[in-house]
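>>> Mind looking at a prediction? Sequence and model below.
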Amino acid sequence: MTTVRGRALASVLGLTLVTAAAVATGPGAAHAEPAVTSRVLASGLANPWEILTGPDGHLWVTEKSAGRVTRISQTDGTKRTALTIPDVLATPGGPQDGLLGMALHPDLLRGAETNPYVYLSYTYDADPAADVLLRRQKIVRYTYDPGTGTLAAPVALISGLPVTVDHLSGRLVIGPDHKIYYTNGDGGHNQFSLYCEPIQAQALPTAAQVATKDWSLYQGKILRLNLDGSIPLDNPIIHGVQSHIFSYGHRNPQGLAFGPTGLLYSSEQGPKTDDELNLILPGGNYGWPNVAGYRDNQAYVYANWSASSNPTCQSLTYSDFEIPQSVPRSAETSFLDARFVPPMRTFFTVADGYNFIDPKCADGSRYYICWPTIAASSADVYTSLAIPGWWNSVLVTALKTGTVYRVPLDLTGLIAGEPVPLFRTINRYRDTALGADGRTFYVATDVAGNTADLTGAPTNALTNPGSILEFQVTGS
Ligand SMILES: [Ca+2]
Ligand SMILES: [Ca+2]
Ligand SMILES: [Ca+2]
């Protein structure tokens, strides 16, 4: 039945159906997984989004849709609410807004309490009028009281970051240089309901905009801030202007993590192909939307819907598969910028002619589940010596396969091998945290959405929605 519908659609679109042979390194690649035991540490969470291992024997968790920070005992899963933020804007259902990134000050609960701070990023309504909604993002510092286990005294460090309900990214880390690093996505422009909004990932602010704190071009960027929210004096100067922008040309970089050698890694969701793992360099241009993955002209062309003039974009119907003649398109190789930085690797690159309407995923038109992307949702770096050979690996979670990909790095922090899929379940994996023993891995799961079942077909029957799963590697 689904095959027939898939073929019918293929014929309407004028595309040839080819059986999608998974590439050798694709999401379904065979692998030898180490011996693992697992349990559900906690459930009933409202979209756990960031999970961190705190210095207090607890996981610190942001619950995206409840605007809540929860501490969860790593021993027995007991939950303690540290904070519920009253003005978090979290659109019900699938949208990506809400309480997102969190970082603990490196000094928190580690001796002298001079910096008892927790940093949070959340979506809010920036328009005071009750009948006007102006969706924006801010980064706020809270003070932790270990006596009561609560967070209080918010101080907004930066406000008015441009966001939509889509592609907010929102990952927040504090670097070894004690700066805040923050990913702000492209807002999901140029696709779906926002297909007539131009992508701003290549747009850079003028000096006048920076001087007036106009952050409206901060979409598709990775930002670097002082701990008080100001612009660090050693931030890159890009085309003559210094701002919070550390790197640009990003789509939806939901993962951000420093490695043990001080390198900064980011995982990023691509379009139909080419989720990326990037090494983030100051002033680097990561190519979006002109380049997806490598600059190779394979299975991607930049089609700028908003630039359609005859007819105008608004009179077109958006399609993931067909680009109308009036929509300007440009090949990846026409993008020439000395600042371009290609990805360290992709998840996954396919050749031109790849079949994006696999009948296996025709049910409910969830074709994207069969696309070669994994929907990379986080990045953490494993730095323990407990499991031989794993030191300096990047762990990337996937929404589309309920998998943690371990990407091995070499001593210099560059790619040392193919990604190894781990901890497969039928869930949408959002983030990881690492236990102190180096053998315990925590994984946060979404409350709802589509993922791939064990045959690779789409399903929304998630095994452990809104949970923290614990995996212990017992072998090597
Ligand atoms: Ca994490
Ligand atoms: Ca890129
Ligand atoms: Ca490409």
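Looks like it arrived, so ask away. Numbering: from 1, shown residues only. Ligands and ions are numbered 1, 2, ... in the order given.
>>> Got the phi and psi for residue 208?
The phi and psi torsions at residue 208 (degrees, to the nearest 10) take the values phi -70, psi -40.
>>> ok, it - contacts?
By Cβ atoms under 8 Å, 6 or more residues apart in numbering, residue 208 lies in contact with nothing. (Glycine included, C-beta is placed from N, CA and C.)
>>> mind checking how far it is from residue 217?
For residue 208, the distance to residue 217 equals 12 Å [Cβ to Cβ, to the nearest Å].
>>> you'd agree residue 441 is up against residue 434?
Yes. Under the criterion of Cβ atoms under 8 Å, residue 441 makes contact with residue 434 at 6.2 Å.
>>> With neighbour numbers in mind, choose between these two.
Using other Cβ atoms under 10 Å, the more surrounded residue of residue 441 and residue 434 is residue 441, with 23 against 20.
>>> Phi first, then psi, for residue 370.
When read as degrees, to the nearest 10, the backbone of residue 370 gives phi -90, psi 0.
>>> burial measure for it, as a count.
So residue 370, with other Cβ under 10 Å, has 23 neighbours.
>>> In contact with it, which residues?
20, 356, 358, 360-361, 456, 458.
>>> which one of these is nearest residue 325?
residue 356 (20.0 Å; Cβ to Cβ).
>>> how far away is that closest one from residue 450?
16 Å.
>>> Do you know the pLDDT at residue 94?
Looking at residue 94, its pLDDT stands at 89.
>>> That one against residue 449, yeah?
Yes. Taking Cβ under 8 Å as the definition, residue 94 is a contact partner of residue 449 at 6.4 Å.
>>> for the nearest residue to residue 460 once chain neighbours are set aside, what are its contacts?
Spatial nearest neighbour of residue 460, chain neighbours left out: residue 450 (5.2 Å); criterion: Cβ to Cβ, 6 or more residues apart in numbering. By Cβ under 8 Å, 6+ apart, the residues touching residue 450 are 366, 369, 400, 428, 458-460.
>>> Give me every residue in this protein lying close to ligand 2.
Selection of the chain residues close to ligand 2 by Cβ under 5 Å from the ion yields 286-287.
>>> how many other residues sit next to the closest residue in space to residue 379 that isn't next to it in sequence?
Among residues not flanking residue 379 along the chain, residue 255 sits closest, at 3.0 Å (Cβ to Cβ, 6+ apart). By other Cβ under 10 Å, the residues close to residue 255 number 29.
>>> what about residue 94 and residue 449, which has more around it?
residue 449 (17 against 11).
>>> in a strand, that's where that one is, yeah?
No. In this structure, residue 449 is coil, not part of a strand, as judged by DSSP: H, G, I helix; E, B strand; the rest coil.
>>> check contacts around it.
94, 399, 428, 460, 462.
>>> Need the pLDDT of residue 321.
95.
>>> Torsion angles phi and psi at it?
Residue torsions, per degrees, to the nearest 10, at residue 321 are phi -120, psi -20.
>>> What is the burial count for it?
14.
>>> any idea how far residue 73 lies from ligand 3?
Distance of residue 73 to ligand 3, given as Cβ to the ion, to the nearest Å: 45 Å.
>>> For that residue, which residues count as its bridge partners?
Assessed by DSSP bridges, residue 73 has beta-bridge partners residue 58.
>>> so how many other residues sit close to it?
15.
>>> From residue 126, how far off is it?
37 Å.
>>> Tell me which stretches of the protein form helices.
Counting by DSSP state H, one finds helices in the chain at the ranges 2-13, 207-211.
>>> List the buried residues in the last one.
Within helix 207-211, the residues that count as buried by 16 or more other Cβ atoms under 10 Å are 209-210.
>>> Then stretch 349-367?
Those would be 349-350, 354-363, 366-367, for stretch 349-367 by 16+ other Cβ under 10 Å.
>>> ok, those residues vs residue 469, which is closest?
Looking across the buried residues of stretch 349-367 and measuring by Cβ to Cβ, the closest to residue 469 is residue 366, at 23.5 Å.
>>> What is the burial count for the residue lying closest to the closest one once chain neighbours are set aside?
In space, and not counting its chain neighbours, residue 366 is closest to residue 458: 3.9 Å by Cβ to Cβ, 6+ apart. Residue neighbour count, defined by other Cβ under 10 Å, stands at 20 for residue 458.
>>> just to revisit the earlier point, return the item of the buried residues of stretch 349-367 having minimum pLDDT.
Out of these, that is residue 363, at 92.
>>> Now that it has come up, it's in contact with residue 460, right?
No. Using Cβ under 8 Å, residue 363 makes no contact with residue 460, being 10.6 Å away.
>>> before we move on, the earlier item: quick one: which of the contacts of residue 450 sit in strands?
Per DSSP state E, strands hold the following members of the contacts of residue 450: 458-459.
>>> Can I get the contacts of residue 450 in CSV including distance to residue 36?
Output for the contacts of residue 450, formatted as CSV (distance: Cβ to Cβ, whole Å):
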residue, distance to residue 36
366, 29
369, 25
400, 21
428, 19
458, 25
459, 22
460, 25
